[in-house]
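Visitor: Requesting a structural model of the entry that follows:
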Amino acid sequence: MNPLTLLWVVGCFCLSLRAAQDSTDWKPVHCDSAKPYHGPKLHARPPASVFAGASGALNGSLDTNTSMRLEKALERALTATQAPAVTVAVGVPGRGLWSATRLGQLTAGEPSPQVFYWASAGKAFTAVVILQLVEEGKLKLDDKLARWFPDFPNAKVITLDHLLTHTSGLYSFQNDSTLRSRPGYKSPETLLAVAKAHGNAFCPGEYWAY
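Guide: Below you'll find the predicted structure:
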């Protein structure tokens, strides 16, 4: 995958905001360098053994008892949420994989949903692909945003690492009330333009914000 394409994805899913609902709530900051972290205490990095233990193959299906329990849990969730549809997958390394899709109660004449909003699930996939490109030497975690978007606020000091760890300070387009009032798909260009127009909430590295 082209690194530029990934930057679009990072821009779409990893924009962060410490405070404020609209641009009138706060004053954008301009930074000449990244800042030491001053936010709430962060969780410690998981030990390598956590990832080693989760790296087994997902070949085959989970055992019958586990699959039946998951089926019942899915039906309860579908009833409780009244969602139009649910897709779920559970994989246990070394034991197998279970997945299912169920339709909920649709209003008369309502079409079956064909597209799901994945929202923040995309963050994990984005991070994995970025780190694979780092391993291949095609990207570096300290690469600056200015490499792709030189006119973005604080682009010369925001790194890929800041974007992936939600410490970049970029404004979250989700907080723009005008954008939220328009349902449907928004292009990466639109979302990045909104973030750029609002400016940054804090200097890169200074705080953490999801």
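Visitor: lowest-pLDDT helix or strand in the chain?
Guide: The weakest-scoring helix or strand in the chain, judged by mean pLDDT, DSSP states H and E, is helix 3-13 (a mean of 45).
Visitor: which ones are touching N154?
Guide: V29, H30, C31, L145, G169, N200, C203, P204 (CB atoms under 8 Å, 6 or more residues apart in numbering). (Each C-beta comes from the backbone N, C-alpha and C, glycine too.)
Visitor: Residues in contact with the longest helix seen in the chain: which ones?
Guide: In the chain, with assignment by DSSP state H, the single longest helix is helix 64-81. Helix 64-81 has contacts (CB under 8 Å, 6+ apart) with S61, L62, A83, V86, V88, V90, W98, A100, R102, G104.
Visitor: make it 10 Å
Guide: 61-62, 83-90, 92, 95-96, 98-105 (CB atoms under 10 Å, 6 or more residues apart in numbering).
Visitor: Just the buried ones from the residues you listed?
Guide: Buried residues within those, defined by neighbour count using 16 or more other CB atoms under 10 Å: L62, P84, V86, V90, R95, G96, W98.
Visitor: of all those residues, which two lie farthest apart?
Guide: Spatially, the most separated pair among the buried ones among the contacts of helix 64-81 is P84 and R95, at 30.9 Å (CB to CB).
Visitor: So V128 versus W118, what's the distance?
Guide: In this view, V128 and W118 are 14 Å apart by CB to CB, to the nearest Å.
Visitor: just to revisit the earlier point, what would the buried ones among the contacts of helix 64-81 look like in TSV with pLDDT and distance to D151?
Guide: Compiled in TSV, these are given as follows (pLDDT from 0 to 100; distance: CB to CB, whole Å):
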residue	pLDDT	distance to D151
L62	95	50
P84	83	41
V86	87	42
V90	94	44
R95	90	50
G96	93	50
W98	97	48
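Visitor: Just the residues you listed: which are in strands?
Guide: Within the buried ones among the contacts of helix 64-81, residues falling in strands by DSSP state E are V86, V90, G96, W98.
Visitor: With respect to S177, which of those residues is nearest?
Guide: The closest of those to S177 turns out to be V86 (CB to CB; 29.4 Å).
Visitor: Mind listing what's buried along the longest helix of the chain?
Guide: Neighbour-count burial for helix 64-81, counted by 16+ other CB under 10 Å, picks out L70, L74, L78.
Visitor: number of nearby residues for P113?
Guide: 16 (other CB atoms under 10 Å).
Visitor: which stretches of the chain form strands?
Guide: Taking DSSP E as the criterion, the chain carries its strands at 85-92, 96-103.
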